[in-house]
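Enquirer: Fold the following.
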Amino acid sequence: MNQSASKYDVIIVGGSAAGLSAAMLLGRSLRNVLIIDGDKPCNRQTPHSHGFLTRDGETPAQLIAIAKEQALAYPTVTFQTDLVTDASQTASGFAIQTASGQPFTSRKLILATGVYDLMPAIDGFADCWGRSILHCPYCHGYEVHSQPLGILARGETANHLVRLIYHWSKNLTLFTNGPAELTPEQRSFISRIGVPIVEEPVVAVEHEQGQLQALRFQSGERHELTAIFSHVPNRQHTDLASQLGCTLTDTGLIQVSSFGQTSVPGIYAAGDCSSPMRQIAAAVASGSMAGAMLNREMIEEDLTALTAAV
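Expert: You can find the predicted model right below:
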């Protein structure tokens, strides 16, 4: 491709569940759409996805393959595997640049870039993340219910997870990997419901191909478990939202309205980059909403321009 920028109605940065959902709505709205995706979804090593009607238990990769095939069946929707490195506003919309050096422009922009999880420095943790170290009981709790489970967390996060996961299994232990940082009231409550608190530092997660076997502690002792629930910090996959001046929340998510609109006119966001509800079903819903609302916005702009010219 030469260096003259290709123009689209909408560029969608991110081609996972949220981005493809938005693309399908826009394709059905006869919009000229480009999806650009780096092919590194955060759930790429998760073996099964649950809670998405009609597709419960399939792998995320299977779901995305079907979604991509269906979205690209609309002739005005195209897909490019690449990374968006720069984005800026122009007089007529937005200009982006990719890692491969290709420029594109569009009237509107959807950010569906997801988030990047930051793993703790515990040997084996990253290998088990999304497989047997889990972030969401609604996604994975049923498969391990009533089994020996652990929570790896401190402070208010630990208190929250104990209360939540206790519903799925009473055979539960809280591991805090150092001082628990619980209030006296929180510690008392956790003790009263019979959940042991282990504050010894964790040095390794023993596993077989991502399937948890045990936690190993500084003392050399081991605690056998089926799975662990834990929340890890994350950050935006890219700094595009900041480049474009979009407001972020206190937790680092892109701030959006209930329709997915960011603080910058013409830019919408959908999926994990703008919501703490990290489920495929939620991402699909937010992408669909963003696509529909963005199309409505363009309709109103075109009608206003048409009537002004008459």
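
Enquirer: Neighbours of Thr81, how many?
Expert: 12 (other CB atoms under 10 Å). Any C-beta I mention is one placed from the backbone N, CA and C, and that applies to glycine too.

Enquirer: How much space separates it from Leu118?
Expert: Distance, Thr81 to Leu118, by CB to CB, to the nearest Å: 25 Å.

Enquirer: do the same with Val13
Expert: For Val13 relative to Leu118 (CB to CB), the value is 21 Å.

Enquirer: got any ranges where the protein has weak pLDDT?
Expert: Within the chain, the stretches with pLDDT under 70 are 1-5, 42-45.

Enquirer: for it, longest helix please?
Expert: helix 280-309 (DSSP state H).

Enquirer: ok, residues contacting stretch 39-57?
Expert: The set of residues external to stretch 39-57 that reach it, using CB atoms under 8 Å, 6 or more residues apart in numbering, is 15-16, 58-64, 66, 81, 114-117, 129-131, 138-140, 142-143, 210, 272, 279-281, 284.

Enquirer: can you rerun that using 7 Å?
Expert: For stretch 39-57, contacts defined as CB atoms under 7 Å, 6 or more residues apart in numbering pick out 16, 58-60, 63, 81, 114-117, 130-131, 138-140, 142, 210, 279-281.

Enquirer: So which of the residues you listed belong to strands?
Expert: 81, 115-117 (DSSP state E).

Enquirer: thinking again about what came up before, what about Val13 and Leu118, which has more around it?
Expert: The neighbour count for Val13 versus Leu118, taken as other CB under 10 Å, is higher for Val13 (27 against 9).

Enquirer: ok, that one touching Leu111?
Expert: Yes - counting by CB atoms under 7 Å, Val13 does reach Leu111; the two are 5.4 Å apart.

Enquirer: Mind listing the shared neighbours of the two?
Expert: Leu240.

Enquirer: out of the ones in strands among the contacts of stretch 39-57, which is most surrounded?
Expert: Val115 (21 neighbours).

Enquirer: ok, back up a step: is it possible to mark the buried ones in the contacts of stretch 39-57?
Expert: Neighbour-count burial (16 or more other CB atoms under 10 Å) is assigned, among the contacts of stretch 39-57, to 16, 58-60, 63, 114-115, 117, 130-131, 139-140, 210, 279-281.

Enquirer: Farthest pair within those?
Expert: The span of the buried ones among the contacts of stretch 39-57, defined through CB to CB, is set by Gly210 and Ala281 at 23.8 Å.

Enquirer: Might you report the residue contacts of the closest residue to Gln211 other than its chain neighbours?
Expert: Distances taken as CB to CB, 6 or more residues apart in numbering place Ser132 nearest to Gln211, at 5.2 Å, with adjacent residues excluded. The contact partners of Ser132, by CB under 7 Å, 6+ apart, come to 207, 210-212, 227.
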